[in-house]
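Q: Sequence and predicted structure, then a few things I'm wondering about:
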Amino acid sequence: MTELINQPVPSAPPRSQWRDIWDQFKTHRGALIGGIVFFVIVLAVFIGPWLWPYDPTFIDIRSRNQNPSWAHPLGTDQLGRDMLARMMAGGQTSVSVGITAMLLALFLGSLIGVLAGYFKRLDNLLMRTTDLFLALPLLPLLLVMVLLFREPLNAAFGPETGIFILIVTAIGITSWMPTARIVRGDVLALKEREFVLAARSIGTTNFRMITRHVLPNVMSPIMVSATLGIANAIITESALSFLGLGFPPDFPTWGRLLFDAVDYMQQYPERVLWPGLAISLTVLSVNYLGDGLRDALDPRIRGR
Amino acid sequence: MLTFTIRRLVLAVPTLLFISLVIFMLLQLAPGDPMAQVPLTVPPEVKEKMREALGLGAPVHVQFFKWIVQFFWVEPQVLIDHIFGTTFSEGQLRVLSWQTRSPVMDIVVQRLPQTLWVVGMSYVLGVLIALPIGIYSAYRQYSAFDQIGTFVSMVGFSVPTFFTGVLLIVIFSVNLGWFPSIYDTTHKVTDWDSFVFQLRQMIMPVMVLALYNAAQISRFMRASMLDNLNQDYVRTARAKGLGEKTVVLVHVLRNSMIPVVTVIALGVPQVFGGAIITEQVFKVNGLGQLLITAIEANDLPMVQTLTFIFALLIVIFNLIADILYGILDPRIRYD
């Protein structure tokens, strides 16, 4: 007992893996700025409406088409609705659609990737399915899906929740394929490692093996796909809204605001600018975040 | 190489059949009724007959089979008739649009040149811009050019085309008045002036798409060049005294072009899909705009055919990418 106490005490606690990742992430300036910008945007669109006095759907027809002023920093639209409030409400929808669709795509992609990589019998079938999905023309199919299921879902859940569910599901089930492929590749490589053999030798069941040993080790490609997935989902949702096949007009999203602003492009060009800038800035920041994460999570690059 | 190609070709057939089935089954769920526009005074039994005339009374598998026959058997015959003046397809029913009651393929052929011009030009231009940028920024990694180049390509890749398009319209059509914001497809090029007009109306849609494509391809080109620049064979080439130009532009470039060529081939169908949005912004009445109007008008045969054409493009270009990869990289062939 005394011998143990007399041994030299480590001067610093052991560095955790996450600490290393954070250190690498910090050196990637673009990623850090991207992360901060994205965090600020998310904060602004979710906290902002609590602080801002105007309601995004409140119509004040006497003060329509106003230029920017202290009362309305981004002006008002053709019905006198405050643009800043609409931008924040639109951002809420766009960001929530982005994050929810990303989570769905990630769940599907990781599930299929892990199953295909881990169980040899399923591999062929699942990867052929992935290939088939990759060969589908996605934007046309998304448009068709929105056309087909808008009415029944509106009737079942109300116009706002219905279209939200529709768009999130549509984007989710058409964008899981890259994640599935990457995850499968990593799982295939992991399966040959000694620690998996060791775990198997003490009788670990397949379920425990996947949740305990495989999934934590494929977290890094999943996290990188997550950031790219958010960017992809936000762009797709805006594109659908821009084509007039997304959210209804009284329910603003950034794409919808841009679509509505195009009609007034000649008189009020700045109305096009704000939603477009918001989409671009969000996507850009998320893409930079993803780039930095990829570098930080790749142990081959870390420490260089 | 031949067996490799044939194997890929054989694999493409079930893929295409599956995709057409998926599209068909999706459209079967469509709530719209093609008889909705028919006046209310038309008695129900006549409406039922009209519905049967459109082939809607038959069971699903019969409808699907008929569509397959029309698309893969009758339409090629029409094409052959058109080219050689034969009469193979006489009296055979073609895929008809519910909107115009005319064959879908005729409308597609009318719309195709606009799309091909805008999309094709923009893709070629995008590749031409992207390759030198990618090569140079990889060669001078972390230089000012590389930093700016990667930032610009990141921006070009993140900013959606419907925003760049609208922004260009606001700047160049509304404020400066240099270019028309609407693409005039009836315009014919006959002399120098009309050629200049054509150029002016094409420049914005082409630039928007070219910027987006260039951003994506230059990222790939840079990454692929960087992978190759650190390889041993590059050191060998330099060590035996080859000029820097030969090392980079012959040895490294040829090897790093292998993945980039396939990426370029794989990108073509996506560009067609992405052009739907650009066509909508600049009011180009190409295939994308045709699809949108068909979707809004519930014209199912048109939607089905167009979506399938997009799928066909994807499968064909996947095939081309696969074969190109096999030709360029002999290691792939022997698996």
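A: Yep, that arrived. Since the model is a prediction, treat every value here as computed from it, not as a measurement.

Q: Every contact and neighbour count from this point should use C-alpha atoms.
A: Will do.

Q: who in the stretch 1-150 of chain A is up against chain B?
A: A:132, A:135-141, A:143-145, A:147-148 (Cα under 8 Å from any Cα of the partner chain).

Q: So B:Val69 lies in a helix, does it not?
A: Yes. Under DSSP: H, G, I helix; E, B strand; the rest coil, B:Val69 sits within a helix.

Q: circling back to that earlier point, what's the closest of the residues of the stretch 1-150 of chain A next to chain B to A:Arg256?
A: Relative to A:Arg256, the closest of those is A:Leu143; by Cα to Cα it sits at 15.2 Å.

Q: On the pLDDT front, check that closest one for me.
A: The model reports A:Leu143 with a pLDDT of 83.

Q: What of A:Arg128?
A: pLDDT, read off for A:Arg128, is 84.

Q: Quickly note the distance from it to A:Ala12.
A: Look at A:Arg128 and A:Ala12: by Cα to Cα, to the nearest Å, they are 50 Å apart.

Q: For the two, indicate the residue with more neighbours.
A: The neighbour comparison of A:Arg128 against A:Ala12 (other Cα atoms under 10 Å in any protein chain shown) goes to A:Arg128, with 12 against 6.

Q: Next step: the residues of the stretch 1-150 of chain A next to chain B restricted to helices.
A: A:132, A:138-141, A:143-145, A:147-148 (DSSP state H).

Q: and those as TSV, adding neighbour count?
A: Output for those, formatted as TSV (neighbours: other Cα atoms under 10 Å in any protein chain shown):
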residue	neighbour count
A:Leu132	18
A:Leu138	21
A:Leu139	21
A:Pro140	24
A:Leu141	22
A:Leu143	20
A:Val144	25
A:Met145	18
A:Leu147	19
A:Leu148	20
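
Q: Chain B: which of these is nearest?
A: A:Leu148 (5.2 Å; Cα to the nearest Cα).

Q: three-state assignment of A:Tyr54?
A: coil.

Q: Leaving aside the residues adjacent along the chain, what's closest to it?
A: Nearest-residue entry for A:Tyr54: A:Ala85, 6.2 Å, with adjacent residues in sequence omitted and distances by Cα to Cα, 6 or more residues apart in numbering or on different chains.

Q: Would you mind naming what in the stretch 151-300 of chain B lies close to chain A?
A: Counting by Cα under 8 Å from any Cα, the stretch 151-300 of chain B sits next to chain A at B:154-155, B:158-160, B:162-163, B:166-167, B:170, B:174, B:273-274, B:277, B:280, B:291, B:295-296.

Q: Using neighbour counts, trim those to the buried set.
A: B:154-155, B:158-160, B:162-163, B:166-167, B:170, B:174, B:273-274, B:277, B:280, B:291, B:295 (16 or more other Cα atoms under 10 Å in any protein chain shown).

Q: before we move on, back to that, of the residues of the stretch 1-150 of chain A next to chain B, which pair is most distant in space?
A: Taking Cα to Cα, no two of these sit farther apart than A:Leu132 and A:Leu147, at 22.5 Å.

Q: didn't B:Ala12 look like it was pressed against B:Val315?
A: Yes. B:Ala12 is within contact range of B:Val315, at 6.8 Å (criterion: Cα atoms under 8 Å).

Q: Show the contacting residues for B:Val174.
A: B:Val174 is in contact with A:Gln266, counting by Cα atoms under 8 Å, 6 or more residues apart in numbering or on different chains.

Q: Could you list which of the buried ones among the residues of the stretch 151-300 of chain B next to chain A belong to helices?
A: Among these, the members falling in helices (DSSP H) are B:154-155, B:158, B:162-163, B:166-167, B:273-274, B:277, B:280, B:291, B:295.

Q: Could I get those residues in a markdown table, plus columns for distance to B:Leu112?
A: Shown next, in a markdown table, are these (distance: Cα to Cα, whole Å):
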| residue | distance to B:Leu112 |
| --- | --- |
| B:Met154 | 31 |
| B:Val155 | 31 |
| B:Ser158 | 28 |
| B:Phe162 | 21 |
| B:Phe163 | 25 |
| B:Val166 | 24 |
| B:Leu167 | 26 |
| B:Gly273 | 14 |
| B:Gly274 | 15 |
| B:Ile277 | 16 |
| B:Gln280 | 15 |
| B:Leu291 | 12 |
| B:Ile295 | 18 |
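
Q: returning to that earlier point: please identify which of the ones in helices among the residues of the stretch 1-150 of chain A next to chain B is nearest to B:Phe84.
A: A:Pro140 (33.7 Å).

Q: so what's the spatially closest residue to the closest one that is not a sequence neighbour up against?
A: Nearest non-adjacent residue to A:Pro140, counting by Cα to Cα, 6+ apart: B:Thr307, 6.1 Å away. B:Thr307 makes contact with A:137, A:140-141, B:23, according to Cα under 8 Å, 6+ apart.

Q: wait, is B:Thr307 part of a strand?
A: No. Counting by three-state DSSP, B:Thr307 is not found in a strand; it is helix.

Q: What separation is there between A:Ala261 and chain B?
A: 10 Å (Cα to the nearest Cα, to the nearest Å).

Q: Figure out how far the host helix or strand of that residue is from the centre of its chain.
A: Assigned by DSSP states H and E, A:Ala261 belongs to helix A:254-262. On the basis of Cα atoms, centre = their mean, to the nearest Å, helix A:254-262 sits 21 Å off its chain's mean C-alpha point.

Q: Let me know the angle separating it from helix B:161-168.
A: Angle, helix A:254-262 to helix B:161-168, by axes from the mean of the first three to the mean of the last three Cα atoms, to 10 degrees: 30 degrees.

Q: hmm, back to that, in terms of neighbours, single out the busier of B:Ala12 and B:Val315.
A: B:Val315 (25 against 18).

Q: Which of the three states applies to the more buried one?
A: Applying three-state DSSP: B:Val315 is helix.

Q: Quick one: residues contacting it.
A: Contacts of B:Val315 (Cα under 8 Å, 6+ apart): A:135, B:12, B:15-16.

Q: go with 7 Å
A: Taking Cα atoms under 7 Å, 6 or more residues apart in numbering or on different chains, we find B:Val315 in contact with A:135, B:12.

Q: Can you give me the pLDDT of it?
A: Value listed for B:Val315 in the pLDDT field: 86.

Q: Quick check: the gap between it and B:Phe220.
A: Distance from B:Val315 to B:Phe220, by Cα to Cα: 22 Å.

Q: Strands of chain A, residue ranges please.
A: Assigned by DSSP state E, chain A shows no strands.

Q: Counting by contacts, list what the longest helix along it packs against.
A: Longest helix in chain A, counting residues (DSSP H): helix A:83-118. Here helix A:83-118 touches helix A:29-51, helix A:120-134, helix A:159-173, helix A:177-191, helix A:219-242, helix A:254-262, going by 3 or more Cα pairs under 7 Å, 6 or more residues apart in numbering or on different chains; DSSP states H and E.

Q: quick one, which of the ones you listed is packed in tightest?
A: helix A:254-262 (a mean of 26; mean count of other Cα atoms under 10 Å in any protein chain shown).
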